[in-house]
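Participant: predicted model, plus sequence, below.
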Amino acid sequence: MAEAYDVVVIGGGPGGLAAAYGLTGKKVLVVEDNLWGGTCPNFGCDPKKMLYGVVENVRQSQAYAGFGVTGASLVDWPAMMAFKRGYTENVPRGTAAGLTGAQIDHRHAHAEFVDAHTLLVDGDQVTATNIIIATGAHAQRPDIPGSDLLETSTDFLSLPDRPTTIGFIGAGYVAVELANIAVTAGVTVHIFQHNHRLLRGFPQAYSELVAASLAQKGVIWHWDTEVTGVTAANNGVVAQTSAGEFNLSHLYTAMGRPANVDGLHLEHAGVALTRGGIQVDDHLRTSAANIYAIGDVAASPVPKLTPVAGIEGRYAAGQILGNTDAIKYPAIPHAVFAGPELAQVGRTYDEAVAEPDKYTVTTQQVGKWYTYNRVRDEHAQVTTITNKDSGLLVGAIAYATNAEELINYLSQMISNGEPVAKLQSWVPVYPSVASNLQYFY
Ligand SMILES: Cc1cc2nc3c(=O)[nH]c(=O)nc-3n(C[C@H](O)[C@H](O)[C@H](O)COP(=O)(O)OP(=O)(O)OC[C@H]3O[C@@H](n4cnc5c(N)ncnc54)[C@H](O)[C@@H]3O)c2cc1C
Ligand SMILES: NC(=O)c1ccc[n+]([C@@H]2O[C@H](COP(=O)([O-])OP(=O)(O)OC[C@H]3O[C@@H](n4cnc5c(N)ncnc54)[C@H](O)[C@@H]3O)[C@@H](O)[C@H]2O)c1
């Protein structure tokens, strides 16, 4: 007989785990067919930022050359990867142990739908009143000859030895962040982008600062370039492109991350797809009333990030426990770890300049300010967007060393609707990222 649960969660990443831990009092099963913890701690944010920490130290140390630091600062690739593995290799076991400790049933197995209340979990039938789909996303592959020779960010993040020459198809988050790690470590890096725009979600002027910084570090940009095919070579691959042929040790696809829906048999449960993933309403309910979709797999109108998957997981759990409010997202900050970081939150630059009667947009070159001068960050730049009626901060963009921390503070002020006057009665450590806040707007 099929085992019966109140809720089955498909996917043991940040979204699925947040949902499972939020379902207090329910009989829950979590099913994961790869590594417990999902993309972020195994193949995404966390290992990426460990490598970033190493190369940021090199970049910052180089910035002080002639200002008190002498001698070459270089990346030892195998040691950097061993440092990363020291963290990642404990993630799956630790995550599964957490579920055991919380007495949440979990199975390392593949799940697929039989109908809206029944799943096949590695061949066993399991029934559930509610099902939460939290299956994440995967790297898109272009439809070109030799596509199977392309590697992904997951392969990059476990490269045991430093490659000589690599390429990325695409100029979004993944390509920019991994190219920065590689080029700072002494690798020759090519980026092939089919148009002339990187980091689409950020204001163009800011994205171009990142492009210029990467070019200065040695990244070779190939704008308006299509990769048309890939063939195997002795020491790697040859990329055929509209700009000619390139011999590369590795070529990575970084063209976006479509939803993981293959093999789920959503059609058996009446769950509809749309552009961007599984169609959900403002309660994260799919077209099947008892089934929710959260995180990267859901076509919810928010960036696909770990904190978003967490918010959506906790929200879906709350719905199953009886809450009926529509989901309301707070201001969601995001950052590209590009050495230095480009980060933003809230109302976007393009939205604000389109409504000059409503918003004041203030851009300041802050490289000569004490805070940025002391970290040798001469190109630092910050834009704030305020609402003309209320005077409140509604958006911000920063390109600076530790921009992610600056944006975290500004994000808190936006979410809480705090006026700048509130900063007068707040005492941050001086000098620090926070001690500048009142001067930005
Ligand atoms: C290189 C890289 C860097 C990133 N850096 C950042 C960052 O700095 N900050 C940030 O906020 N976000 C970052 N992200 C995005 C972040 O990793 C995702 O937004 C987050 O992991 C989404 O969580 P999720 O639970 O929705 O999906 P996932 O973490 O992908 O988890 C889904 C899980 O479901 C499992 N699964 C899929 N199908 C089935 C099935 N049929 N049966 C059972 N299990 C299944 C998968 O194996 C996977 O473990 C990065 C992503 C990448 C690739
Ligand atoms: N720091 C972070 O928060 C972080 C880091 C990495 C990934 N992520 C998440 O992962 C998602 C996926 O990242 P991504 O970089 O794969 O996608 P992306 O959507 O950020 O960028 C995709 C890039 O590929 C380009 N592209 C698309 N088709 C192409 C083609 N045929 N030829 C050449 N270029 C092509 C696009 O123009 C774009 O520049 C992000 O949107 C984000 O949600 C977040």
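Facilitator: Happy to help now that I have it. Ligands and ions are numbered 1, 2, ... in the order given.
Participant: ok now do residue 375, which residues does it touch?
Facilitator: Residue 375 is in contact with 60, 63, 401-402, counting by Cβ atoms under 8 Å, 6 or more residues apart in numbering. Just so you know, the C-beta spots here come from the backbone N, C-alpha and C atoms, and that holds for glycine as well.
Participant: please report how far the residue of the stretch 201-350 of the chain found nearest ligand 1 lies from residue 61.
Facilitator: Per Cβ to the nearest ligand atom, residue 295 is where the stretch 201-350 of the chain lies closest to ligand 1, at 2.2 Å. Remark: distance between residue 295 and residue 61 (Cβ to Cβ, to the nearest Å) = 37 Å.
Participant: with residue 68 instead?
Facilitator: The separation that residue 68 has from residue 61, given Cβ to Cβ, amounts to 10 Å.
Participant: so the two - more neighbours on which side?
Facilitator: residue 61 (15 against 7; other Cβ atoms under 10 Å).
Participant: could you report the pLDDT at the more buried one?
Facilitator: Per-residue confidence at residue 61 stands at 96 (pLDDT).
Participant: and the helices in the stretch 251-400 of the chain?
Facilitator: Using DSSP state H, counting those that start in this stretch, the helices of the stretch 251-400 of the chain run over 306-320, 349-353, 370-373.
Participant: need the ones you listed in TSV with mean pLDDT, mean neighbour count and distance to residue 258, can you?
Facilitator: Output for the helices of the stretch 251-400 of the chain, formatted as TSV (pLDDT from 0 to 100; neighbours: other Cβ atoms under 10 Å; distance: least, Cβ to Cβ, whole Å):
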stretch	mean pLDDT	mean neighbour count	distance to residue 258
helix 306-320	98	23	16
helix 349-353	96	16	25
helix 370-373	94	16	39
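Participant: could I get those as JSON lines with distance to residue 151?
Facilitator: Below are those laid out as JSON lines (distance: least, Cβ to Cβ, whole Å):
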{"stretch": "helix 306-320", "distance to residue 151": "23"}
{"stretch": "helix 349-353", "distance to residue 151": "34"}
{"stretch": "helix 370-373", "distance to residue 151": "37"}
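Participant: residue 422 is nearest to which of the ones you listed?
Facilitator: With Cβ to Cβ, the closest approach to residue 422 among the helices of the stretch 251-400 of the chain belongs to helix 370-373: 20.4 Å.
Participant: where's that closest one relative to the chain centroid, distance-wise?
Facilitator: Centroid separation for helix 370-373 versus its chain: 28 Å, with Cα atoms, centre = their mean, to the nearest Å.
Participant: which SSE is the closest residue to the residue of the stretch 201-350 of the chain closest to ligand 1 other than its chain neighbours in?
Facilitator: Leaving aside its chain neighbours, residue 295 sits nearest to residue 15 (2.9 Å; criterion: Cβ to Cβ, 6 or more residues apart in numbering). Per DSSP states H and E: residue 15 is located in helix 14-22.
Participant: touching ligand 1 at all, that helix?
Facilitator: Yes - interface with ligand 1: helix 14-22 contributes 14-16 (Cβ under 6 Å from any ligand atom).
Participant: so which of these wins on neighbours?
Facilitator: Result: residue 15 is most packed of the residues of helix 14-22 next to ligand 1 (other Cβ under 10 Å), 33 neighbours.
Participant: ok, now which ones touch that residue?
Facilitator: Counting by Cβ under 8 Å, 6+ apart, residue 15 touches 38, 134, 136, 294-297, 309-310, 312-313.
Participant: mind checking the SS state of the closest residue to residue 167 other than its chain neighbours?
Facilitator: What sits nearest to residue 167 in space, not counting adjacent residues and going by Cβ to Cβ, 6+ apart, is residue 190, at 4.2 Å. Taking DSSP: H, G, I helix; E, B strand; the rest coil as the rule, one finds residue 190 in the strand state.
Participant: the one 10 residues further on now?
Facilitator: Secondary structure for residue 200, judged by three-state DSSP, is coil.
Participant: ok, it touching residue 172?
Facilitator: Yes - between residue 200 and residue 172 a contact is recorded at 6.9 Å, counting by Cβ atoms under 8 Å.
Participant: those two: which is more packed in?
Facilitator: Remark: of residue 200 and residue 172, residue 172 carries more neighbours, 19 against 11, as counted by other Cβ under 10 Å.
Participant: now do the more buried one against residue 410, distance only.
Facilitator: Taking Cβ to Cβ, one finds residue 172 at 23 Å from residue 410.
Participant: just to revisit the earlier point, go ahead and name everything in contact with the helix or strand following the helix holding residue 15.
Facilitator: Under the assignment DSSP H and E, the closest C-terminal helix or strand after helix 14-22 is strand 28-32. Strand 28-32 has contacts (Cβ under 8 Å, 6+ apart) with 3, 5-13, 16-17, 20, 38, 99, 104-111, 119, 121, 126, 128.
Participant: I'd like the next helix or strand past strand 28-32.
Facilitator: Downstream of strand 28-32 (by DSSP H and E), the next one is helix 39-43.
Participant: quick one: is that next one near ligand 2?
Facilitator: No - Helix 39-43 stays out of contact with ligand 2 when judged by Cβ under 6 Å from any ligand atom, the minimum separation being 8.7 Å.
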